[in-house]
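1. Model the structure of this input:
(2 chains)
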There are 2 protein chains.
Amino acid sequence: MELFEAMRTCRSIRRFRPDPVDECVLWQCLKAAGYAPSGSNAQPWRIIVVNSDEARALLGPAYRKGAAWSMGIYGVTRPPDDDNSRRARMTRSMFELVDNFESIPYYVMFLTELWDNLPDHLAGSAVYPAVHNFMLAARSFGLGTVPTMWFMECEDELRALLEIPEMWHIAALMPLGYPKGRHGPLHRRPIEELVHWNRFGDHRPAPEGLELPGAIEKSR
Amino acid sequence: MELFEAMRTCRSIRRFRPDPVDECVLWQCLKAAGYAPSGSNAQPWRIIVVNSDEARALLGPAYRKGAAWSMGIYGVTRPPDDDNSRRARMTRSMFELVDNFESIPYYVMFLTELWDNLPDHLAGSAVYPAVHNFMLAARSFGLGTVPTMWFMECEDELRALLEIPEMWHIAALMPLGYPKGRHGPLHRRPIEELVHWNRFGDHRPAPEGLELPGAIEKSR
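-> Modelled structure (predicted):
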């Protein structure tokens, strides 16, 4: 798949078909993660591919608890069936993710080391490029995934179950499977608003005719 | 460019030709950054494209100071001209980066917000996928870049010069230009060593015949 096609249709997928994922395809996505750069080429990250019944039994309830907590924070409830707004569809997909969490083919967990001598906001500089390569590769094989954090609701039990050494921190859990819906298009802010030129606050218009990510684009 | 071709030849580039970078090509790379996913689609990151003389005058000495500090830590010195080992070439490219830092066409700085309610190691989950999309896009246009952190040697002065508000933290500075050398191949650990299955410490061999990133691969 062409690079830009993959990037501009690499939507977060929360609704999965039960179809199994071939292990060779999974390996290709893992391999993509392995290409990511890291400072001094140290690759201070690891992956645990999880699909055991024990982990499923732990993660399902934790994700439903995490979703309930988030929905409470944002004051969101299950939308009525006839509400087809973007927000309602988004909320519905969130519930569909957690309601069916146990039946997702794989959970791919990314772990990272933390370094004492680096400021906190630089800690993810090695692991998230690997996460993102994995996500792009999954997209290119027609698979879907989404970076999730609600493993935090059962982090101690999960760490014990997977025997994760203390030095490794869970940076993301990526559910992996074939999407029910389709990939892309993305909804993003116009890039001109996020880019400043030589001084924070100074923006420039993008050149005429440049196709921009803020616009809704067709995906294949 | 094909996605996997971009990923597996997306080498860190530290030696640049003085050739200017067309602003339209730069915009395409910025646009790629804009496609990156982020929690709740908040896009809590910004870019400052920097190419002013004032910033060059600040960054050049800071990067040489940072390099000297790092080289001291690792006990590395400028290698003799006849040493053509991988380590010597790597060290030489590091010195070439900082010796010529002022003449690199652009410095693309990525900023991120930090959120109080997230653990530190999750802080980079939004900005580094954007950084990585930028890096892959640059690769696809034949440009080179490398995530660097030595801006820390002049961070206060740089923040003042670019008028960066307090809430934004510099996550990476990406020098951008056309490489002197070529892209790829990458040197990475065999992915089987980094991937665990259902329990930390349990590895599986990759399927027979799967081309793995640990091997040195030909690039175009």
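2. When you work out contacts or count neighbours from here on, use the C-alpha atoms and nothing else.
-> Fine.
3. Could you list the low-pLDDT ranges of chain A?
-> For chain A, the stretches flagged by pLDDT under 70 are A:120, A:211-220.
4. Okay, domains of it per the record?
-> What automatic domain parsing lists as the domains of chain A is A:3-184, A:188-220.
5. now do the same end-to-end measure for the longest one.
-> If I follow you right, that is domain A:3-184. This stretch, domain A:3-184, spans 14 Å end to end (Cα to Cα, to the nearest Å).
6. Check the secondary structure at A:Asp83 for me.
-> Using DSSP: H, G, I helix; E, B strand; the rest coil, the structure places A:Asp83 in coil.
7. From chain B, how far off is it?
-> Between A:Asp83 and chain B the computed distance is 20 Å (Cα to the nearest Cα, to the nearest Å).
8. give the contact list for that residue.
-> Shown in contact with A:Asp83 (Cα atoms under 8 Å, 6 or more residues apart in numbering or on different chains): A:Arg89.
9. swap in A:Gly181?
-> Here A:Gly181 is in contact with A:Arg15 (Cα under 8 Å, 6+ apart).
10. Need the winner for burial among the domains of chain A.
-> For the domains of chain A, the largest average neighbour count (mean count of other Cα atoms under 10 Å in any protein chain shown) is found in domain A:3-184, namely a mean of 19.
11. Could you give the separation of stretch A:84-97 from the chain centroid?
-> Mean-position distance between stretch A:84-97 and its chain equals 17 Å (Cα atoms, centre = their mean, to the nearest Å).
12. Among the domains of chain A, which comes closest to B:Val146?
-> domain A:3-184 (8.8 Å; Cα to Cα).
13. just to revisit the earlier point, as TSV, the domains of chain A with distance to B:Gly184 would be great.
-> Below are the domains of chain A laid out as TSV (distance: least, Cα to Cα, whole Å):
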stretch	distance to B:Gly184
domain A:3-184	11
domain A:188-220	28
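14. Go through those and name the closest to B:Pro185.
-> Between B:Pro185 and the domains of chain A, the shortest gap by Cα to Cα is with domain A:3-184, which sits at 10.1 Å.
15. which residues in chain A form helices?
-> A:3-8, A:23-34, A:53-74, A:86-99, A:127-140, A:155-162, A:191-194 (DSSP state H).
16. residue contacts, the residue nearest to the spatial centre of chain A?
-> Centroid-nearest residue in chain A, with Cα atoms, centre = their mean: A:Pro147, separated by 2.0 Å. Listed by Cα under 8 Å, 6+ apart, the contact set of A:Pro147 reads A:Ser12, A:Ala172, A:Leu173, A:Met174, A:Pro175, B:Gly39.
17. So the fifth one sits against A:Trp150, correct?
-> No. Contact between A:Pro175 and A:Trp150 fails when scored by Cα atoms under 8 Å: they sit 11.5 Å apart.
18. List the residues that contact A:Leu30.
-> Residues near A:Leu30 by Cα under 8 Å, 6+ apart: A:Phe134, B:Ile191, B:Val195.
19. redo that, cut-off 10 Å
-> A:24, A:47, A:49, A:108, A:130-131, A:133-135, A:137-138, B:191-192, B:194-195, B:212-213 (Cα atoms under 10 Å, 6 or more residues apart in numbering or on different chains).
20. again with A:Ala6
-> A:135-141, A:183-184, A:219, B:2-3, B:35.
21. mind running it again at 8 Å?
-> By Cα under 8 Å, 6+ apart, the contact list for A:Ala6 reads A:Leu136, A:Arg139, A:Ser140, B:Leu3.
22. correct me, but the last one touches A:Leu3?
-> Spelled out, it's B:Leu3. Yes. Using Cα under 8 Å, B:Leu3 is in contact with A:Leu3, at 4.2 Å.
23. how far away is A:Ala137 from chain B?
-> Taken as Cα to the nearest Cα, the span from A:Ala137 to chain B is 8 Å.
24. thought that residue was touching A:Tyr35?
-> No. Counting by Cα under 8 Å, A:Ala137 does not reach A:Tyr35; the two are 11.1 Å apart.
25. and A:Thr77, what does it touch?
-> Shown in contact with A:Thr77 (Cα under 8 Å, 6+ apart): A:Met71, A:Thr91.
26. Ramachandran angles for it?
-> Backbone torsions of A:Thr77, given as degrees, to the nearest 10, read phi -120, psi 170.
27. Sitting in strands, which of the contacts of A:Pro147 do you find?
-> If you go by DSSP state E, the contacts of A:Pro147 have A:Ala172, A:Leu173, A:Met174, A:Pro175 in strands.
28. ok, those residues vs chain B, which is closest?
-> A:Ala172 (8.1 Å; Cα to the nearest Cα).
29. Contact partners for the closest one?
-> A:Met109, A:Phe110, A:Leu111, A:Val131, A:Pro147, A:Thr148, A:Met149.
30. what's the spacing between A:Cys180 and A:Cys29?
-> Actually, residue A:180 is Lys. It isn't Cys. Taken as Cα to Cα, the span from A:Lys180 to A:Cys29 is 20 Å.
31. Then A:Glu96?
-> Relative to A:Cys29, and taking Cα to Cα, A:Glu96 is found at 24 Å.
32. For A:Pro205, which non-adjacent residue is spatially closest?
-> Among residues not flanking A:Pro205 along the chain, A:Glu192 sits closest, at 6.2 Å (Cα to Cα, 6 or more residues apart in numbering or on different chains).
33. do the same with A:Asp99
-> Nearest non-adjacent residue to A:Asp99, counting by Cα to Cα, 6+ apart: A:Arg64, 6.8 Å away.
34. got it, and A:Arg14?
-> Closest residue to A:Arg14 apart from its sequence neighbours, by Cα to Cα, 6+ apart: A:Leu97 at 5.0 Å.
35. Is A:Leu122 in contact with B:Ala126, as I believe?
-> No. Between A:Leu122 and B:Ala126 there is no contact under Cα under 8 Å: 11.7 Å.
36. show me the contacts for A:Arg15.
-> A:Arg15 sits in contact with A:Ser93, A:Glu96, A:Leu97, A:Pro179, A:Lys180, A:Gly181, where contact means Cα under 8 Å, 6+ apart.
37. Compute the distance between it and A:Gly181, please.
-> For A:Arg15, the distance to A:Gly181 - Cα to Cα - is 7 Å.
38. hmm, back to that, can I get the contacts of A:Pro147 in a markdown table including distance to B:Ala55?
-> Listed next are the contacts of A:Pro147 as a markdown table, based on distance: Cα to Cα, whole Å:
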| residue | distance to B:Ala55 |
| --- | --- |
| A:Ser12 | 37 |
| A:Ala172 | 36 |
| A:Leu173 | 39 |
| A:Met174 | 39 |
| A:Pro175 | 43 |
| B:Gly39 | 32 |
